[in-house]
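> Next one to model:
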Amino acid sequence: MTAAGEGIVLSFHPTLAGDRFLWEQASLGTEEIDLIRQARAVLLPQTVSRQLYFLVRHNCPAVFPDYDLRFQWEGKVGDAMLFQTFAAPHPPTRVYPRVEALEQDHPLVGYTRSPLVFPCVVKANRGGEGRYTWLVHDHADLEHVVRRLKALELKGWFGFIIQEYVAGVERDLRVVVMGERLLSYWRINPGFHKNVARGGTIDPGQEPELQARGRREVASLCRRTGINLAGFDLIFPRGSRRPLFLEINYTFGRRGLGGTQGFQDMLQEEVRRWLDRQKIPRDA
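Have a look, this model is predicted:
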């Protein structure tokens, strides 16, 4: 085993072995920060905080996973900005920093609200498994959603997007990237939410050609962004063979990946390969 502090692989991840382990919730002082600075590589959990991530990122040359853009563009608002910046195909989307921008014009600063076309999809910046995502059919639905968004703002949760609704879609494609490995499966539900937690069913076998197209789109985006651990949700509009990106999930369900054990086995293998690509020696 490498001597402590001498080119070690430092892990904050409870199931990814390194030469040294630090708990992500532990207090940090000079000794721990020196370990980060001296490490050749640092492994982080998906639950890492923004503060710890950037502490590590600025003090170690090799960090897995790459969450630069996760924390630069957070949440559903961040996803929309990332898709727009990298020209990733996605439904037409507008970003709202506050409910105020939806409710009223501000002529003194030259702001006029954009007209809404119903039905549309409203997504609060935070919330997973379809929570705080609404299909809005009319003004009555919108009033209900605005009340929910205002309640979130009272908690300090700001920002939401309004997206064009793509009708007739009964499934979405989850594409998971782990290192250089990509896996995909359909989540099927004739209702609005496709999440497994909301009753969606998993089917890894349907239309492999379309799945391959989705994986290629995700691989292209990952090459341009550096993202190497995330679950992407895509849809294929009716009659189209080109997918649209919906969102990026940096923590995601594992049922379509063989459960927790299957996910952990694949992640450990991909991290070993990632370490090999960094030319970082470590014990088997």
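> Residue 233: what's it in contact with?
Contacts for residue 233 (CB atoms under 8 Å, 6 or more residues apart in numbering) come out as 172, 173, 174, 194, 245, 246, 247, 248, 249. For the C-beta atoms, the positions are set from N, CA and C on the backbone; glycine is no exception.
> one more time with 10 Å, if that's ok
By CB atoms under 10 Å, 6 or more residues apart in numbering, the residues touching residue 233 are 79, 172-175, 187, 194-195, 214, 243-249, 252.
> Against residue 50, how distant is it?
Using CB to CB, to the nearest Å, one obtains 23 Å as the distance from residue 233 to residue 50.
> Count residues in the vicinity of residue 230, would you?
Each residue near residue 230 was counted by other CB atoms under 10 Å, and the total is 25.
> For it, what is the enclosing helix or strand?
strand 229-235 (DSSP states H and E).
> now do residue 145
Using DSSP H and E, residue 145 sits within helix 139-154.
> So which bits of that helix are buried?
If you call a residue buried by 16 or more other CB atoms under 10 Å, then helix 139-154 has these buried ones: 141, 142, 145, 146, 149, 152, 153.
> Once you drop chain neighbours, what's closest to residue 12?
Closest residue to residue 12 apart from its sequence neighbours, by CB to CB, 6 or more residues apart in numbering: residue 24 at 4.6 Å.
> And residue 215, by the same measure?
Distances taken as CB to CB, 6+ apart place residue 182 nearest to residue 215, at 4.7 Å, with adjacent residues excluded.
> ok, now residue 132?
Residue 132 sits nearest to residue 124 (CB to CB, 6+ apart), 3.7 Å away.
> Provide a list of residues in contact with that neighbour.
75-77, 131-134, 145, 148-149, 152-153, 157-161.
> The residues you listed, buried ones only, as a ChimeraX selection?
In ChimeraX, a selection of the buried entries from the contacts of residue 124 looks like this (16+ other CB under 10 Å):
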select :75,76,77,132,133,134,145,149,152,153,157,158,159,160,161
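> now, which of the contacts of residue 124 lie within helices?
Among the contacts of residue 124, the ones falling in helices (DSSP state H) are 75, 76, 77, 145, 148, 149, 152, 153.
> is it fair to say residue 227 lies in a strand?
No - Residue 227: not assigned to a strand; according to DSSP: H, G, I helix; E, B strand; the rest coil it is coil.
> and residue 202, bridged to which residues?
Residue 202 has these beta-bridge partners by DSSP bridges: residue 187.
> Neighbours of residue 206, how many?
Around residue 206 there are 12 other residues, counting by other CB under 10 Å.
> what's near enough to touch it?
Counting by CB under 10 Å, 6+ apart, residue 206 touches 171, 173, 185, 186, 188.
> in the helix or strand where residue 270 lies, what's buried?
Counting by DSSP H and E, the element that carries residue 270 is helix 259-277. Buried residues in helix 259-277, counted by 16+ other CB under 10 Å: 263, 266, 267, 270, 271, 274, 275.
> Could you break the protein into its assigned domains?
9-70, 92-164, 171-270 (automatic domain parsing).
> burial measure for the closest residue to residue 236 other than its chain neighbours, as a count.
Leaving aside its chain neighbours, residue 236 sits nearest to residue 243 (5.4 Å; criterion: CB to CB, 6+ apart). Residue 243 has 26 neighbouring residues, counting by other CB under 10 Å.
> just residue 122 next, same as before
Residue 122: 23 surrounding residues under other CB under 10 Å.
> Adjust the sequence numbering to begin at 52 for everything that follows.
I'll keep to 52 as the first residue from here, and by that count the last item is residue 173.
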